[in-house]
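Chemist: Okay, here's the prediction I keep looking at, along with the sequence it came from:
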Amino acid sequence: MKYYLVVGERSGDLHASNLMREIKNLDSKAEFRFFGGEQMQAVGGTLVRHYQEMAIMGFVEVLLNIRKIARFLKECKQDILQYKPDVVILVDYAGFNMRIAKFCKTNHIKNYYYISPKVWAWNTKRALKIKQNVDQMFVIFPFEKNFFKQFDYDVDFVGNPLLDAIRAFKPNTQFLDNHKLDKNKPIIAVLPGSRKSEVSHILPIMLSVYESFKEYQWVVAGVKNLSENFYAECKRLNIPIIYDQTYDLLANAHAAIVTSGTATLETALFNVPQVVCYKGSWISYQIAKRLIKVPYISLVNLILNKLTVVELIQDKLNTKNLEIELKKTLTGESRNAILNDYATLQNIMGEAGASETTAKLIYKYLSTQ
């Protein structure tokens, strides 16, 4: 069968690639075409456009790039029509993919959605649009199934694909030696994100507390698809940047400073106490503050439904607050409380297997519908 996948972010590239591998195990004649990235390319198929060109976050940032996004949407729609897939699989990336879902429905092209738009966080009525336009939804958090039940929409809970990625991860036993890191000096991992806007807004503030923690070894998780200019402050402070090896870094970290997003949950699953950070443009933040209906921004806190990891958002993300909160993650009762809550989180998240479960359901639905 012919599968067309649409991904707009780095984490989506990871999860889509694992899903593609599982689909290939079931469908030996599977053909893939996609908007995605390197990890999907490694599985096989045709890359139409790289997600890095589409990774735009924030209300103002989206408005400033509206023509570019419209061009990508038009390109994607035309390419789907030309390719004539058996199914379009949309992975996260709600703003773009919900438009593609509507297009598919209008043109009688089967579409499935893997990793639901976070409609439970804001504008919950969008769940009705999902029900109207998406043929089948595969959700990754237990509470999402009950959420969609309110709208008489039966979705499949498949588990969280991060567990698959972590299970597949094989630690590099030479990681510390390869990067000339001190085995006797605890590591503070800095995860500033993968988008240009995130790194430019947040990384300088993260590094502003470096001088207060010189007894620790600081390491920044970089991404190769960003220019080295974004990491200029690291070089000035002589802080090592290790590119595209975040799991190895977390496997060796004592604590972390993390930009809000998927990485907060990954950090928790590696059992690393963390401070969660977020800062965007003033206008984007003001809009988001009025729309978001959930009490937390970190996936860790949302899943546990309590404040386990501190969230420093917008104006609260400053040198003074970050220094205070980072100290709490390094020793003492606060650190122990975080680790205890992480154990609960692990139980809630369950076992790995989301990619395999989703692939089996997709193949079953395509074979029977």
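Modeler: Arrived safely.

Chemist: Which parts of the protein belong to which domain?
Modeler: If you go by automatic domain parsing, the domain ranges for the chain are 2-159+353-368, 169-349.

Chemist: what would the ones you listed look like in JSON lines with mean neighbour count and mean pLDDT?
Modeler: In short, each C-beta sits where N, CA and C put it, glycine included. As requested, the domains of the chain are exported to JSON lines (neighbours: other CB atoms under 10 Å; pLDDT from 0 to 100):
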{"stretch": "domain 2-159+353-368", "mean neighbour count": "19", "mean pLDDT": "90"}
{"stretch": "domain 169-349", "mean neighbour count": "18", "mean pLDDT": "90"}
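
Chemist: Strands of the stretch 101-250 of the chain, start to end?
Modeler: Remark: strands assigned in the stretch 101-250 of the chain by DSSP state E, counting those that start in this stretch are 111-114, 136-139, 156-157, 187-191, 217-222, 241-243.

Chemist: Can you classify R33 by secondary structure?
Modeler: strand (DSSP: H, G, I helix; E, B strand; the rest coil).

Chemist: these two touch, right, it and Y4?
Modeler: Yes - with contacts counted by CB atoms under 8 Å, R33 reaches Y4, the gap being 5.2 Å.

Chemist: what's the overlap in contacts for the two?
Modeler: Common neighbours of R33 and Y4, using CB atoms under 8 Å, 6 or more residues apart in numbering, are 79, 83, 85.

Chemist: and which of those residues is nearest to E38?
Modeler: Comparing the shared contacts of R33 and Y4 against E38 with CB to CB picks out D79 as the nearest, at 19.5 Å.

Chemist: for that closest one, helix, strand, or coil?
Modeler: From three-state DSSP, the assignment for D79 is helix.

Chemist: could you measure it against V48, distance?
Modeler: For D79, the distance to V48 equals 6 Å [CB to CB, to the nearest Å].

Chemist: got any residues that touch both of the two?
Modeler: R33.

Chemist: Can you tell me how far the nearest residue to F157 once chain neighbours are set aside is from M1?
Modeler: Using CB to CB, 6 or more residues apart in numbering and skipping the chain neighbours, the partner closest in space to F157 is K145 (4.5 Å). Taking CB to CB as the measure, K145 falls 27 Å from M1.

Chemist: related to what we said a few turns ago, could the strands of the stretch 101-250 of the chain go into a markdown table alongside distance to G350?
Modeler: Output for the strands of the stretch 101-250 of the chain, formatted as a markdown table (distance: least, CB to CB, whole Å):
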| stretch | distance to G350 |
| --- | --- |
| strand 111-114 | 17 |
| strand 136-139 | 13 |
| strand 156-157 | 10 |
| strand 187-191 | 24 |
| strand 217-222 | 26 |
| strand 241-243 | 30 |
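
Chemist: Nearest approach to I257 belongs to which of those?
Modeler: strand 187-191 (5.2 Å).

Chemist: Name the surrounding residues that touch the closest one.
Modeler: Under CB under 8 Å, 6+ apart, the answer for strand 187-191 is 181, 203, 206-207, 213, 216-221, 239, 246, 249-250, 252-259, 263, 267, 272, 326.

Chemist: distance between the ends of stretch 17-37?
Modeler: 9 Å (CA to CA, to the nearest Å).

Chemist: I'd like the distance from that stretch to the chain centre, please.
Modeler: 20 Å (CA atoms, centre = their mean, to the nearest Å).

Chemist: What sits closest to the spatially most central residue of the chain if chain neighbours are left out?
Modeler: Residue closest to the mean C-alpha point of the chain, counted by CA atoms, centre = their mean, is T262 at 3.5 Å. Spatial nearest neighbour of T262, excluding adjacent residues (CB to CB, 6+ apart): S11 at 4.3 Å.

Chemist: With just CA atoms, put the helix or strand that contains Y365 into CSV.
Modeler: Y365 is part of helix 354-368 when elements are defined by DSSP states H and E. Extracted as CSV, the C-alpha positions of helix 354-368 are listed here (Å, rounded to 0.1, in the frame of the first residue of the first chain):
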residue,chain,number,x,y,z
ALA,A,354,2.9,2.4,20.7
SER,A,355,4.4,2.3,17.3
GLU,A,356,3.7,-1.4,16.9
THR,A,357,0.1,-1.0,18.2
THR,A,358,-0.6,1.9,15.9
ALA,A,359,0.8,0.2,12.9
LYS,A,360,-1.3,-2.9,13.5
LEU,A,361,-4.4,-0.8,13.8
ILE,A,362,-3.7,1.1,10.7
TYR,A,363,-3.1,-2.0,8.7
LYS,A,364,-6.2,-3.6,10.1
TYR,A,365,-8.4,-0.6,9.3
LEU,A,366,-7.0,-0.3,5.8
SER,A,367,-7.6,-4.0,5.2
THR,A,368,-11.2,-4.0,6.4
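
Chemist: quick one on the thing from earlier: quick check, the residue nearest to F157 in contact with V139.
Modeler: Yes - K145 sits in contact with V139 when judged by CB under 8 Å, with a separation of 6.1 Å.

Chemist: who are the neighbours in contact with G353?
Modeler: Shown in contact with G353 (CB under 8 Å, 6+ apart): 159, 163-164.

Chemist: Closest to K279 out of those residues?
Modeler: For the contacts of G353, the nearest to K279 is L163 (29.2 Å; CB to CB).

Chemist: okay, now that closest one: neighbour count?
Modeler: Neighbour count of L163, defined by other CB atoms under 10 Å: 20.

Chemist: List the contacts of it.
Modeler: Contacts of L163 by CB under 8 Å, 6+ apart are 269, 349-354.

Chemist: per-residue confidence at it?
Modeler: Per-residue pLDDT puts L163 at 93.

Chemist: bridging residues for the nearest residue to Y365 once chain neighbours are set aside?
Modeler: Leaving aside its chain neighbours, Y365 sits nearest to Q136 (5.9 Å; criterion: CB to CB, 6+ apart). Beta bridges link Q136 to Y112, judged by DSSP bridges.
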